[in-house]
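Trainee: Build me a structure from this.
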Amino acid sequence: MFWNKKITAVAVYTLVLLPHLCAQTKQRQVTVQALVWQTWNQTLEFNPKFSVRFEFIAREFIAPFQLHQAAARIRLHYAINRNWSIGGGFARFNHYPGDPLSTARFAVPELRPHLEASYEGTVGKFTITHRYRVENRFMRNSVNEALVAGYTSTYRFRYRLGLDYILLKDAAQRPLKFRFTNEILINFGRNIQYNVFDNNRVTAGLNYSLPGNFAVEIGFMHWYQQRSSGYQFYNRSIFTIAVFHKLKLYK
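Mentor: Modelled structure (predicted):
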């Protein structure tokens, strides 16, 4: 319990202070945008310890409606014990222009392997999670809206603090959960000059379990991102919709 509280205290200080420490002194330019994120999460559980997880992601601007990102991710997950688990995986992203008014529909591919470790425990009536993820990002080179040979490699560290609280259970004991997460993302590597702080994502939502090992989650995310210039930022309001399904392949 003491170790869990210590991790939580350090995490909160990191999430609150780091974006301010990494901010540039030049006058900020902030672009405000609204999006919707849609995700399908599929888990294939081979035994109580080992599973494979798939994610299919579509992220769109709302006004005007334009595709911003499309992605697919696969992740291997292994439970070490009751609290700790490890995993690794690979994602493919297509990045479209960050301006929804752009007439160019040029997509830049990104290849993204990652490794992660997670802790899950309880504090009173809350389930608390800590996820630590390191990504190696390979962004395809482009010039004047045309792909050219080669990739630019950077690294990113992600820490996510999550809190779940069961609000109620229906007649079949299926829970309705309030879910809160706060994630900080930090860039590093020789190709990072001004934007060591990448972005901060704060999400709140409701998660409801359905028959057949399904769950649906709706929420709202505030995403504050520093761009590569160091003084330009995105301030994004994001509505999130996610469907989860778990298929057990053992008795």
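Trainee: Going by C-alpha atoms from here, please, whenever you check contacts or count neighbours.
Mentor: Fine.
Trainee: Other residues contacting stretch 139-156?
Mentor: Here stretch 139-156 makes contact (CA atoms under 8 Å, 6 or more residues apart in numbering) with 106, 108-111, 134-138, 185-192.
Trainee: When you filter the residues you listed down to buried only, what's left?
Mentor: Neighbour counting by 16 or more other CA atoms under 10 Å classes 106, 108-111, 134-138, 185-188 among these as buried.
Trainee: from the residues you listed, which two are the most distant?
Mentor: F106 and V134 (27.6 Å; CA to CA).
Trainee: still on that earlier bit, among the buried ones among the contacts of stretch 139-156, which lie within strands?
Mentor: 108-111, 134-138, 185-188 (DSSP state E).
Trainee: Take those residues and write them to a markdown table, including pLDDT.
Mentor: Formatted as a markdown table, those follow (pLDDT from 0 to 100):
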| residue | pLDDT |
| --- | --- |
| V108 | 95 |
| P109 | 97 |
| E110 | 98 |
| L111 | 98 |
| V134 | 98 |
| E135 | 98 |
| N136 | 98 |
| R137 | 98 |
| F138 | 98 |
| L185 | 98 |
| I186 | 97 |
| N187 | 97 |
| F188 | 95 |
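Trainee: Turn those into a markdown table, including distance to I128.
Mentor: As requested, these are arranged in a markdown table below (distance: CA to CA, whole Å):
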| residue | distance to I128 |
| --- | --- |
| V108 | 36 |
| P109 | 34 |
| E110 | 31 |
| L111 | 30 |
| V134 | 20 |
| E135 | 23 |
| N136 | 27 |
| R137 | 28 |
| F138 | 32 |
| L185 | 19 |
| I186 | 22 |
| N187 | 25 |
| F188 | 27 |
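Trainee: Just the closest of the residues you listed to A242, please.
Mentor: Of those, the one sitting nearest to A242 (CA to CA) turns out to be L185, at 21.4 Å.
Trainee: Bridged to that closest one, which residues?
Mentor: Taking DSSP bridges as the rule, L185 bridges to R158, N199.
Trainee: How about the contacts made by it?
Mentor: Residues near L185 by CA under 8 Å, 6+ apart: R156, F157, R158, Y159, F197, D198, N199, N200.
Trainee: what about 6 Å?
Mentor: F157, R158, D198, N199 (CA atoms under 6 Å, 6 or more residues apart in numbering).
Trainee: Distance check, it against N199.
Mentor: According to CA to CA, to the nearest Å, L185 and N199 sit 5 Å apart.
Trainee: What pLDDT does the model give the nearest residue to F46 once chain neighbours are set aside?
Mentor: The spatially closest residue to F46, leaving aside those adjacent along the chain, is L249, at 5.2 Å (CA to CA, 6 or more residues apart in numbering). Per-residue confidence (pLDDT) for L249: 94.
Trainee: How about the backbone phi and psi for L249?
Mentor: phi -100, psi 20 (degrees, to the nearest 10).
Trainee: I'd like the numbering to begin with 130 instead of 1 from here.
Mentor: Let's use 130 as the start, then, which means that last one is L378.
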